[in-house]
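In: sharing a sequence plus its predicted fold:
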Amino acid sequence: MTSPLAEVSKLLLRYVPEVLAQSMLRRARAAASTSDDPHRVYDELRTSVRLFVEPGSQQALLMELEQITGKRPETTRERIIVASEMDVSRARLRARELSQQLGGGAFGAQRASTAVSELARNIVMYAGKGQIEIIARHRVPPVLSVRASDQGPGIVDTDAVLSGAYKSKTGLGRGLFGVKRLASKFTLQSSPAGTIVEADIPL
Amino acid sequence: MNSPLEQEDGEWIEHPSTPQSFNAPSAIPIISLWGRLLVPLQGDIRDTQLQELEERLLNTIRDHGAEGLVIDASGVTMLDSHLCATLGRTAAAARLMGVRAVLCGLDPTVAMTLEAMGLALEHVETALVLESALDQLGVRVVRDEGEDEMEEGL
Ligand SMILES: Nc1ncnc2c1ncn2[C@@H]1O[C@H](COP(=O)(O)OP(=O)(O)OP(=O)(O)O)[C@@H](O)[C@H]1O
Ligand SMILES: [Mg+2]
């Protein structure tokens, strides 16, 4: 069995001169090495095809290319309105499904689902209503970007909350602290006008 | 306030809110077993379900007594900070009424996630599986002529 890139190289040679084929592959590899998205290399190849290949044969080449590389998986973006306990359940279930679609393992799906549960629950408990946005990113490893936003009263002492020192009246006071520990990227903005939490959960 | 996510182009799939009354969760069973109470938690657990359970469980203990309480969490899909707190509170209340509580069967991914978040299930004894939980509460298995039979120990 030949590797996909070797196949791509053979395919290019049928359409363009060898020097050009080599430079197209080099560009693609360089693009891929600066990104953790496996499909970046194919994106870059498609761009090169549009730039360097004679317009008449572009379509045929792109179709053959797609047979080797497969279609680029779609990035999924979902917005879940959260205003009830039922919505919290739906949000965490959706996070689990999206994680599984991304190919995240059982532990990854569990972490993503739990993080979304914490954020959605806080919205319902403290702001009444808000939204959870989820973007499923095909990366290595896959990432679920979660953004929770509401127009509630805001968090008074964000420092205490994020350091795990917060004493909650309504729970363990460990929800946001826990989400932060699950996230590769975490930001919290809060004011009397509302709260936005953004967390990237690597799967 | 805008954010990187808002600026992302592409289609958004929208999920509107569902009214609370829609698809009300069913009550969690309380099973009486050799003088112990067994509570099997299954699937996606909601706060109101757990609150209702807590009340009914403590009433059952008050009215009928129990030599122990086992919460079997083997069917639970997820536990977050709030659910842990509620379970811990229920176990602590049962303890105050003189009943030992053991939680068993936690899914490895649930346990690993709680650990990663720095969460602990306070006031709750744990066991790997239902059998060891019952064993901890003094239930012994006596095998007789190839047939399984349960009997009380100590
Ligand atoms: N979206 C929000 N709007 C307003 N206040 C919030 C919001 N989210 C959290 N808070 C405040 O921050 C505190 C800490 O939140 P966190 O989720 O860490 O713990 P908790 O909700 O108190 O308890 P737990 O999540 O462990 O059940 C809350 O008690 C609440 O006062
Ligand atoms: Mg919380």
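Out: Arrived safely, thanks for sending. Ligands and ions are numbered 1, 2, ... in the order given.

In: what about stretch B:99-114, how long is it end to end?
Out: 25 Å (CA to CA, to the nearest Å).

In: pLDDT (mean, whole number) over it?
Out: Per-residue pLDDT over stretch B:99-114 has a mean of 96.

In: swap in stretch B:143-154?
Out: 63.

In: off-centre distance for the helix or strand where A:R111 lies?
Out: In the assignment (DSSP states H and E), A:R111 maps to helix A:106-122. Averaged C-alpha coordinates place helix A:106-122 at 15 Å from its chain's average position (CA atoms, centre = their mean, to the nearest Å).

In: same thing with stretch B:134-150?
Out: Taking CA atoms, centre = their mean, one finds the center of stretch B:134-150 at 24 Å from the center of the full chain.

In: quick one, what contacts A:G154?
Out: Residues touching A:G154, when contacts are defined by CB atoms under 8 Å, 6 or more residues apart in numbering or on different chains, comprise A:S190, A:S191, A:P192, A:A193, A:G194, A:T195. Where you see a C-beta, it was placed from the backbone N, CA and C, and this is true even at glycine.

In: got the residues of chain B near ligand 1?
Out: Residues of chain B that fall close to ligand 1, judged by CB under 6 Å from any ligand atom: B:S81, B:H82, B:A85.

In: tell me the one of these nearest A:Y42?
Out: For these, the residue nearest A:Y42 by CB to CB is B:S81; the value is 41.1 Å.

In: count of neighbours near residue 35?
Out: You didn't say which chain, so I picked chain A. When counting by other CB atoms under 10 Å in any protein chain shown, one arrives at 14 neighbours for A:S35.

In: let's do chain B instead
Out: Residues contacting B:G35 under the criterion other CB under 10 Å number 14.

In: that one reaches B:A66, doesn't it?
Out: Yes - taking CB atoms under 8 Å as the definition, B:G35 is a contact partner of B:A66 at 6.8 Å.

In: low-confidence stretches in chain B?
Out: Low-confidence segments of chain B, defined by pLDDT under 70, are located at B:1-9, B:20-24, B:146-154.

In: how about the residues of chain A by ligand 1?
Out: By the criterion of CB under 6 Å from any ligand atom, the positions of chain A lying close to ligand 1 are A:118, A:122-123, A:126-127, A:150, A:152-155, A:161, A:166, A:168, A:170-177, A:195.

In: what about the residue in chain A that ligand 2 sits nearest to, distance to A:L162?
Out: Nearest residue of chain A to ligand 2, counting by CB to the ion: A:G175, 2.9 Å away. A:G175 sits 11 Å away from A:L162 when distances are taken as CB to CB, to the nearest Å.

In: try B:P25
Out: Per CB to CB, B:P25 is found 32 Å from A:L162.

In: mind checking which of A:G175 and A:L162 has more residues around it?
Out: A:G175 (27 against 16).

In: can you pull the contacts of that one?
Out: When contacts are counted by CB under 8 Å, 6+ apart, A:G175 touches A:E118, A:L119, A:R121, A:N122, B:D80, B:S81, B:H82.

In: what's the nearest residue to the last one if we skip its chain neighbours?
Out: In space, not counting the residues next to it along the chain, B:H82 is nearest to A:G171; the distance is 4.9 Å by CB to CB, 6 or more residues apart in numbering or on different chains.

In: what's the helix or strand for that neighbour?
Out: For A:G171, no secondary-structure element claims it when assigned by DSSP H and E, so it is in no helix or strand.

In: and stretch A:162-176, which residues are buried?
Out: Neighbour-count burial for stretch A:162-176, with 16 or more other CB atoms under 10 Å in any protein chain shown as criterion, is recorded at A:L162, A:Y166, A:G171, A:L172, A:G173, A:R174, A:G175, A:L176.

In: max pairwise distance over those residues: which two?
Out: A:L162 and A:G171 (15.4 Å).

In: re the thing from before, most neighbours, which of the contacts of A:G154?
Out: Top of those by neighbour number is A:T195, holding 26 neighbours under the definition other CB under 10 Å.

In: in a strand, that's where it is, yeah?
Out: Yes - applying DSSP: H, G, I helix; E, B strand; the rest coil, one finds A:T195 inside a strand.

In: who touches it in this structure?
Out: With CB under 8 Å, 6+ apart as the criterion, the residues that contact A:T195 are A:N122, A:A127, A:G130, A:A148, A:S149, A:D150, A:G152, A:G154, A:I155, A:L188, A:Q189.
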